[in-house]
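Trainee: Prediction below, plus the sequence it came from.
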Amino acid sequence: MTVYNLGKQNSVANQFLAELRDVNIQKDRLRFRHNLLRLGQIMAYEISQKLTYRPTDIKTPLGKKLMHLPATDIVLVTIMRAGLPFLEGFQRVFDKAETGFISSYRVEGNSKITIQTDYLATPRLEGKTVILVDTMLATGRSVADAITSLLSRGKPSQVHLASVIAAPEGIDYLKKNIKLPATLWTFSIDEKLNSRFYIVPGLGDAGDLSFGPK
């Protein structure tokens with residue numbers, strides 16, 4: 001699995017991520033969601049550079065111009081609910097993409113967690129480019145389980161995994177458990193997971209900060 005850490009390069013994305021982390025600024029839920037949206041737009045552009053393109057003649061009012069356009073259909077898939085604002089940024093860039101949704105959540109125990117998936121709604125994925133959008137990559141379990149579920153809808157030609165923040169443990173888990181080639185994109189690889197499987201330093205619970213406590 002190839003990993004791109006976009007945070008290694010200075011850009012305005014670092015400002016948006018800093019505001020997401022800041023305990024004072026993140027109290028503003030509208031701004032929190034808006035920063036996720038903006039990071040989604042930035043990451044979507046970065047991913048677009050790795051897609052497959054085909055030459056296409058475009059007719060203009062004064063002639064024709066050869067341009068290169070995406071060669072496969074794109075399907076955006078998000079894991080609800082925290083992924084919704086991040087997804088919106090991708091939708092603004094890939095405005096012709098189909099969209100799928102997965103409802104999954106973690107069931108916490110004393111020393112381990114399990115992932116419960118209750119809902120899957122996607123178009124057929126055979127031969128398409130899938131971008132799986134999940135704000136936080138913690139243990140990696142929900143993403144790995146999501147990919148397994150998605151394969152029931154057909155085998156994609158490309159799979160891109162998009163997270164704002166990732167934990168090293170989650171990256172290691174995906175490398176060991178994903179059975180098809182995939183590319184992971186993130187703005188930061190943080191230090192570790194704590195005893196409750198939250199990313200440190202992270203930003204807290206992205207779903208609660210976006211929409212309010214469960």
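Mentor: Yes, it's here.
Trainee: mind listing the helices for this structure?
Mentor: In the chain, the helices defined using DSSP state H lie at 13-21, 29-48, 83-93, 141-150, 168-177, 206-211.
Trainee: what separates the residue located most distally from the centre of the chain from residue 68, distance-wise?
Mentor: Residue farthest from the centre of the chain, counting by C-alpha atoms, centre = their mean, is residue 62 at 40.1 Å. As judged by C-beta to C-beta, to the nearest Å, residue 62 and residue 68 stand 20 Å apart. For glycine as for every other residue, the C-beta is placed from the backbone atoms N, C-alpha and C.
Trainee: check contacts around residue 89.
Mentor: 36-44 (C-beta atoms under 8 Å, 6 or more residues apart in numbering).
Trainee: mind putting those in JSON lines, neighbour count and pLDDT included?
Mentor: Listed next are these as JSON lines, based on neighbours: other C-beta atoms under 10 Å; pLDDT from 0 to 100:
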{"residue": "36", "neighbour count": "25", "pLDDT": "98"}
{"residue": "37", "neighbour count": "19", "pLDDT": "98"}
{"residue": "38", "neighbour count": "21", "pLDDT": "98"}
{"residue": "39", "neighbour count": "24", "pLDDT": "98"}
{"residue": "40", "neighbour count": "26", "pLDDT": "98"}
{"residue": "41", "neighbour count": "17", "pLDDT": "98"}
{"residue": "42", "neighbour count": "17", "pLDDT": "98"}
{"residue": "43", "neighbour count": "26", "pLDDT": "98"}
{"residue": "44", "neighbour count": "25", "pLDDT": "98"}
